[in-house]
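> Mind looking at a prediction? Sequence and model below.
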Number of protein chains: 2
Amino acid sequence: MAETETLAHSKESLALAAFYTQWGEEAVANATGGLNPLTLLRYQYDSWTKHATEPSGVQYENLETDGVTGIWERPTGAAADRVILYFHGGGYIGGSASGHRKLVGHIAKAAGVDALSIDYRFAPEVPFPAQLDDALVAYHWLLAHGYTPSQIVLAGDSAGGALATAVGLKLRDAGDELPAAIVTLSPFYDTEGVGDAFDFNAGNDVMGNREALAGLSSMLLTEGGSMKDPFLSALNSDPTGLPPIYISFGGHEVLKDGGTLFTTLARSKGVDVEYVESPGQQHVFEALAGRSPEADASIASIGKYIRKHLQLS
Amino acid sequence: MAETETLAHSKESLALAAFYTQWGEEAVANATGGLNPLTLLRYQYDSWTKHATEPSGVQYENLETDGVTGIWERPTGAAADRVILYFHGGGYIGGSASGHRKLVGHIAKAAGVDALSIDYRFAPEVPFPAQLDDALVAYHWLLAHGYTPSQIVLAGDSAGGALATAVGLKLRDAGDELPAAIVTLSPFYDTEGVGDAFDFNAGNDVMGNREALAGLSSMLLTEGGSMKDPFLSALNSDPTGLPPIYISFGGHEVLKDGGTLFTTLARSKGVDVEYVESPGQQHVFEALAGRSPEADASIASIGKYIRKHLQLS
């Protein structure tokens, strides 16, 4: 590429591709023996927002009560009685509220509301849908502690984005009042790799590919379980009646057609979907919050969306 | 042990021994092939305060300027014009301001002052004394940004405790005005394993032992360098003229005689040393801040000491 050619993405954002590439190289080195691969992967996922900045003006507090554990991210001047319930990513097998703390802190700050970022049990030790069960417990904990559904936005990245959506489907199925909105960052909707992006982004996505998807699938399910489960893959759901959904994807992701296909499906069922694609970006590119202009632009947009749906501005 | 027997240490504090034991087991597994051992160790050290709570009422901010990088820990209501300059532990080969954030946040909150926790270069890629050079640059950065020596407390754990002490020695050698005090948590003073504690705590310390010390020593030095270097081991220094020093050790540490021997030496040279040993505790047991009564008691005591020497109460 000529140096004068305009880049579709910032130089800063390349740091995430380098970071994920390093994860892959570590996994390859470890495959010759050594650590349990899950141990390494969980160290990596716990470091997910290593390259994000500390968001100034945010305080943190552990929540450990009533079967719900996680971290409160509390921006200075946050609106009272509004909350983002956040589910971290990590393929249902790793990640943590702690490892995603800076990302969620930036999102909470951009929205001007507190976030509760929860931890949940992991596959393969505890297969799906335990993760969804834990997410629902956290949602009901918020209701039991004074929040109304319209004061809550569900949010998450990767598998956590799928969890946020699945919680919406469960509440809709139950006929419950629904949360104000759902916000997803690179949601793990395309659990079967049906999207063309698995092919045309094969050389662009430094983390995701069909082999990784197959490996992950083998860890998530109990006997008789299926990656077609609509609570795993919103692509197989009937989204009718879901609240407004915001979906952010990076243009270089193999998973991104999960976003485009779901957007088409959900809109056909009358759901208000805002799909935003950031060119040249990797999976959960917002993990570079405070570092890359794409991450910051996405988070600013998400913050605005949340404020609007929580009727804060 | 009979169940009714009084324990010398809390049940909660055992979580750290379990955590360090897991690190050791991971290192053994990895030794059969796999990751670069330093890669694993740096993941482990970056997770050092994983089991600490988030200290409420503390905000964080990255500092990246003038050759100094790190994290500001800013408690609500912190005294103006006072600062703890903190050096994380990790044997000069790992650890990070990020991985120690919660520990330093708790200390800053207990003292009621801001802390600046810096990152520094690592051996073996960059051997000692580069780490001390970086520590001195950070200290002079504070002076250049309005702090006077009497408004600064140097602090650190493990190798960072040794760095805090070595900075004091360098300033004393230069005839500079000295910081208000030095606070060390399990400082890495006994770099040669001369203390009896290496023998009598061999079965108690789940992290430190002579083999680990030898392995570490081989990574720190350039040709001609020595673990007897007084800037590596305060046991070989002349501490005359150092400011008041607070030293915290766990009773189960192999390194603890570095503390007792240094205390005797420094007091003989007229230095005001407060040595506090917490029975049954592991290396840098304050890493369980918010979780174990021993960690919380030590941090409360350290906070009081810092306030006194910064003339805040």
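Thanks, I have the structure now.
> tell me which residues of the lowest-mean-pLDDT helix or strand in chain A are tucked away?
The helix or strand of chain A with the lowest confidence, counting by mean pLDDT, DSSP states H and E, is helix A:210-220 at a mean of 93. Buried residues in helix A:210-220, counted by 16 or more other CB atoms under 10 Å in any protein chain shown: A:212, A:213, A:216, A:217, A:219, A:220. To be clear about C-beta, it is placed using only N, CA and C from the backbone, and glycine gets the same treatment.
> again with stretch A:61-68
A:61, A:62, A:63, A:68.
> Backbone dihedrals for the last one, both of them.
Put plainly, it is residue A:68. With angles defined as degrees, to the nearest 10, residue A:68 sits at phi -110, psi 120.
> Identify the bridge partners of it.
residue A:65 (DSSP bridges).
> Quickly note the distance from it to chain B.
15 Å (CB to the nearest CB, to the nearest Å).
> Next one, pLDDT for that residue please.
pLDDT, residue A:68: 97.
> which residues touch it?
Residue A:68 makes contact with A:118, A:137, A:138, A:141, according to CB atoms under 8 Å, 6 or more residues apart in numbering or on different chains.
> Apart from its chain neighbours, what residue comes closest to the closest residue to chain B within the stretch 201-313 of chain A?
Residue nearest to chain B within the stretch 201-313 of chain A: residue A:290 (7.8 Å; CB to the nearest CB). In this structure, residue A:290 finds its nearest non-sequential neighbour in residue A:53, 2.9 Å apart by CB to CB, 6 or more residues apart in numbering or on different chains.
> so what's the one you found up against?
Residue A:53 neighbours (CB under 8 Å, 6+ apart): A:102, A:289, A:290, A:291, B:62.
> Out of these, which sit inside helices?
Residues of these located in helices (DSSP state H): residue A:102.
> Now stretch A:114-121: buried residues?
Buried, per 16+ other CB under 10 Å, within stretch A:114-121: A:114, A:115, A:116, A:117, A:118, A:119, A:120.
> follow-up on the earlier one: please report how far the residue of the stretch 201-313 of chain A closest to chain B lies from residue B:64.
11 Å (CB to CB, to the nearest Å).
> related to what we said a few turns ago, just put the contacts of residue A:68 in JSON lines and tack on pLDDT and distance to residue B:252.
Formatted as JSON lines, these follow (pLDDT from 0 to 100; distance: CB to CB, whole Å):
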{"residue": "A:118", "pLDDT": "98", "distance to residue B:252": "35"}
{"residue": "A:137", "pLDDT": "98", "distance to residue B:252": "39"}
{"residue": "A:138", "pLDDT": "98", "distance to residue B:252": "38"}
{"residue": "A:141", "pLDDT": "98", "distance to residue B:252": "39"}
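> Show me just the buried residues among those.
For those, buried by 16+ other CB under 10 Å: A:118, A:138, A:141.
> Double-check that the last one belongs to a helix.
Going back to what we said before, that points to residue A:141. Yes. Per DSSP: H, G, I helix; E, B strand; the rest coil, residue A:141 lies within a helix segment.
> surely it meets residue A:66?
Yes. Residue A:141 lies in contact with residue A:66 (CB atoms under 8 Å); the separation is 5.8 Å.
> Tell me where chain A is predicted with low confidence.
By pLDDT under 70, the weakly predicted segments of chain A are A:1-7.
> quick one, strands of it?
A:58-65, A:68-75, A:79-87, A:113-118, A:152-157, A:181-185, A:245-250, A:273-278 (DSSP state E).
> which other residues reach the shortest one?
In other words, strand A:181-185. By CB under 8 Å, 6+ apart, strand A:181-185 touches A:84, A:89, A:153-158, A:161-162, A:164-165, A:168, A:242-248, A:284, A:286, A:298, A:302, A:305-306, A:309-310.
> Give me the sheet partners of it and which way each runs.
strand A:152-157 (parallel), strand A:245-250 (parallel).
> Output it as CSV - backbone C-alpha positions only.
Extracted in CSV, the C-alpha atoms of strand A:181-185 (Å, rounded to 0.1, in the frame of the first residue of the first chain):
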residue,chain,number,x,y,z
ALA,A,181,-32.7,-1.0,24.9
ILE,A,182,-30.0,-3.6,24.1
VAL,A,183,-26.5,-2.5,23.1
THR,A,184,-24.1,-5.1,21.6
LEU,A,185,-20.5,-4.8,20.6
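> tally of neighbours for whatever residue of chain A ends up closest to chain B?
Proximity of chain A to chain B (CB to the nearest CB) peaks at residue A:34, 2.0 Å away. The number of residues packed near residue A:34 is 21, by other CB atoms under 10 Å in any protein chain shown.
> For it, give me its contacts.
Contacts of residue A:34 (CB under 8 Å, 6+ apart): B:29, B:30, B:31, B:32, B:33, B:34, B:35.
> Share the number of residues neighbouring residue A:123, please.
That count, for residue A:123 with other CB under 10 Å as the rule, works out to 22.
> And the closest residue in space to residue A:100 that isn't next to it in sequence, its phi and psi?
Spatial nearest neighbour of residue A:100, chain neighbours left out: residue A:88 (4.1 Å); criterion: CB to CB, 6+ apart. Taking degrees, to the nearest 10, you get phi -70, psi 160 for the backbone angles of residue A:88.
> Write out the residues of the stretch 151-300 of chain A neighbouring chain B.
residue A:290 (CB under 8 Å from any CB of the partner chain).
> Show me where chain A has its helices.
According to DSSP H, the helices that chain A contains are A:14-30, A:37-46, A:101-111, A:130-144, A:159-174, A:197-200, A:210-220, A:256-268, A:293-309.
> Can you give me the buried ones in the second one?
Meaning helix A:37-46. Neighbour-count burial for helix A:37-46 flags A:39, A:40, A:41, A:42, A:43, A:44, A:45, A:46 (criterion: 16+ other CB under 10 Å).
> how about the residues you listed in TSV, adding distance to chain B?
Formatted as TSV, the buried residues of helix A:37-46 follow (distance: CB to the nearest CB, whole Å):
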residue	distance to chain B
A:39	6
A:40	7
A:41	11
A:42	10
A:43	4
A:44	8
A:45	11
A:46	7
